[in-house]
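Engineer: Requesting a structural model of the entry that follows:
(one chain, ligands or ions: 1)
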Amino acid sequence: MATLDKTQQDAEKLAAALAAVKFVKDGDIVGLGTGSTTTFAIKELGKRVKEGLNIKAAASSIRTEELAKSLGIKILDLGRLSKIDISIDGADEFTESLDLIKGGGGALFREKIIASLSKNAIIITDASKKVKKLGAFTVPVEVIPLAYQYVFDQINQFGGKGILRSVDNKTFITDNGNLIIDADFGLIDDPAKLSVKLNQINGLLAHGLFINITSKVIMSEGTNIIIFE
Ligand code: 5RP
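Structural biologist: Just a heads-up that it's a prediction; the model follows:
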């Protein structure tokens, strides 16, 4: 994983975001992810909307919805959509085979629904997010509160070390009213297999392994844009 200073990283995030927004067409329903990289894309879309681009959007989090609305982007009810034309979201890690870890911002469940609905699910990143094997970043797992201990113990049995996410010494609560367990599985040899195992745990709403959902990753490195698809 490359180490970048924040200014350089932000420049790369912006460049990847601008490259992704070029794929958005008039009339599209656009899925909007969550996080600092996606924020650059939402701001650019807001500018394009002011210039006359006609889009409607679905938001993966309350903060994304608020930002999009403040920029004049019309927001649709995600629960009513059968398809999304294009989505733009960030990632915490990705591999060249387009497997991802997401959920650093805690929005993984809605992000996964949006990506699953999307004909063209685009991930945008700076160069620091590209890895050979997933797993240096812990796998976020969203869990229904009453199943917390059960899911925690199951993760442990699968060889994961879980930590209940807290921010500023307060338990982190997702937009869906749930908890996040950040699970350390070490470097993951077979993310698809782990994804299937985690999906079988009752009470686990979603996990941050995104396998076979992504259409392309647009990564900015220095002044280059590299597209993995
Ligand atoms: C939020 C996410 C984000 O896309 C991920 O954490 C990357 O965030 P950033 O663009 O701020 O690095 O999955 O749940």
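Engineer: Now do residue 62, the pLDDT please.
Structural biologist: We note a pLDDT of 98 for residue 62 in this prediction.
Engineer: The closest residue to it other than its chain neighbours in helix, strand or coil?
Structural biologist: Spatial nearest neighbour of residue 62, excluding adjacent residues (C-beta to C-beta, 6 or more residues apart in numbering): residue 175 at 5.1 Å. C-beta here means a position set from N, CA and C on the backbone, and glycine is covered the same way. Following DSSP: H, G, I helix; E, B strand; the rest coil, we place residue 175 in the coil state.
Engineer: Residue 175 and residue 65 touch, don't they?
Structural biologist: No - contact criterion C-beta atoms under 8 Å: residue 175 and residue 65 do not qualify, at 9.2 Å.
Engineer: Pull the strand or helix carrying residue 44 out as CSV, backbone CA atoms only.
Structural biologist: Element membership for residue 44 (DSSP states H and E) is helix 36-50. Below are the C-alpha coordinates for helix 36-50, written out as CSV (Å, rounded to 0.1, in the frame of the first residue of the first chain):
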residue,chain,number,x,y,z
SER,A,36,-14.4,11.5,1.7
THR,A,37,-13.7,10.3,-1.9
THR,A,38,-17.4,10.1,-2.8
THR,A,39,-17.9,13.5,-1.4
PHE,A,40,-15.7,14.9,-4.2
ALA,A,41,-17.9,13.1,-6.7
ILE,A,42,-21.2,14.4,-5.1
LYS,A,43,-19.9,17.9,-5.2
GLU,A,44,-19.0,17.6,-8.9
LEU,A,45,-22.4,16.1,-9.6
GLY,A,46,-24.0,19.1,-7.8
LYS,A,47,-22.1,21.5,-10.1
ARG,A,48,-23.3,19.5,-13.1
VAL,A,49,-26.9,19.6,-11.9
LYS,A,50,-26.7,23.3,-11.5
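Engineer: Report the secondary structure state of residue 150.
Structural biologist: helix.
Engineer: What count of nearby residues applies to it?
Structural biologist: By the measure other C-beta atoms under 10 Å, the count of residues near residue 150 is 15.
Engineer: In contact with it, which residues?
Structural biologist: When contacts are counted by C-beta atoms under 8 Å, 6 or more residues apart in numbering, residue 150 touches 201-203.
Engineer: redo that, cut-off 7 Å
Structural biologist: Residues near residue 150 by C-beta atoms under 7 Å, 6 or more residues apart in numbering: residue 203.
Engineer: can you check residue 35 too?
Structural biologist: Taking C-beta under 7 Å, 6+ apart as the test, what residue 35 contacts is 90, 104-105.
Engineer: what helix or strand is residue 110 on?
Structural biologist: For residue 110, the host element (DSSP H and E) is helix 108-117.
Engineer: Would you mind pulling the contact partners of that helix?
Structural biologist: 31, 33-34, 58, 60-61, 78, 81, 83-84, 87, 89, 102, 121, 140, 142, 175-176, 205-206, 208, 210, 213-214.
Engineer: now those: which count as buried?
Structural biologist: Buried residues within those, defined by neighbour count using 16 or more other C-beta atoms under 10 Å: 31, 33-34, 58, 60-61, 78, 81, 84, 87, 89, 102, 121, 140, 142, 175, 205-206, 208, 210, 213-214.
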